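Asker: got a structure for you, letters missing:
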């Protein structure tokens with residue numbers, strides 16, 4: 001078929017060379033129109049339809065992927081919001097636990113300090129009583145010694161004066 005068309009085109013070209021006019025209306029014009037239409041049909045069948053189908057498939061794929069991505073993004077945002085809420089709740093609970101632990105620690109420290117102060121006061125009182133006993137004992141011993149020394153001094157003074 002192509003060879004026949006080519007031969008017709010060559011014959012038409014030779015015929016126009018003989019006529020030499022600007023617009024010779026012979027078989028060349030319909031032949032070129034037919035060749036153009038055949039070329040368009042071949043290009044449409046071989047190139048444009050598969051290319052159009054591939055573009056449509058790609059467009060469908062992109063739309064589906066975009067829809068899936070939007071759904072996943074919405075799910076991710078929802079999960080992030082839930083995570084933030086649970087994290088805030090956990091932080092509040094942790095803060096409460098820490099405050100309670102600090103209050104208990106301060107209470108225990110105050111109790112320990114009060115017990116230590118009471119024990120120190122009791123020991124100080126005990127030591128003070130012991131010192132008072134020793135002071136009283138020392139004073140009574142000194143009084144007896146002073147009394148005997150004054151008797152001796154008095155005896156020596158009176159004995160030496162008589």
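Answerer: All right, it came through fine. Predicted model only: the values in this text are computed from it and were never measured.
Asker: What ranges does this protein have for its helices?
Answerer: 2-19, 28-43, 49-161 (DSSP state H).
Asker: Which one of those helices has the poorest average confidence?
Answerer: The weakest mean pLDDT among the helices of the chain belongs to helix 2-19, with a mean of 61.
Asker: and the helices of the chain as TSV, adding mean neighbour count?
Answerer: All C-beta spots, glycine's among them, are computed from the backbone N, C-alpha and C. Output for these, formatted as TSV (neighbours: other CB atoms under 10 Å):
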stretch	mean neighbour count
helix 2-19	11
helix 28-43	12
helix 49-161	10
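Asker: how much space is there between residue 46 and residue 39?
Answerer: 11 Å (CB to CB, to the nearest Å).
Asker: again, but for residue 102
Answerer: 89 Å.
Asker: Residue 54 too?
Answerer: For residue 54 relative to residue 39 (CB to CB), the value is 21 Å.
Asker: do residue 95 as well
Answerer: Distance from residue 95 to residue 39, by CB to CB: 80 Å.
Asker: And residue 127, by the same measure?
Answerer: 123 Å.
Asker: same thing with residue 113?
Answerer: 104 Å.
Asker: just residue 99 next, same as before
Answerer: As judged by CB to CB, residue 99 and residue 39 stand 86 Å apart.
Asker: Next, find the distance separating residue 83 from residue 90.
Answerer: In terms of CB to CB, residue 83 sits 10 Å off from residue 90.
Asker: Show the end-to-end separation of stretch 37-52, please.
Answerer: The first and last residues of stretch 37-52 sit 20 Å apart, counting by CA to CA, to the nearest Å.
Asker: what about that stretch, distance to the chain center?
Answerer: 56 Å (CA atoms, centre = their mean, to the nearest Å).
Asker: Then stretch 94-103?
Answerer: For stretch 94-103, the distance to the chain centre is 23 Å (CA atoms, centre = their mean).
Asker: same check, this time on stretch 134-149
Answerer: 82 Å.
Asker: Likewise for stretch 74-92?
Answerer: With CA atoms, centre = their mean, you get 11 Å for stretch 74-92.
Asker: how near is residue 99 to residue 112?
Answerer: According to CB to CB, residue 99 stands 20 Å off from residue 112.
Asker: do the same with residue 76
Answerer: 52 Å.
Asker: Likewise for residue 144?
Answerer: Taken as CB to CB, the span from residue 144 to residue 112 is 48 Å.
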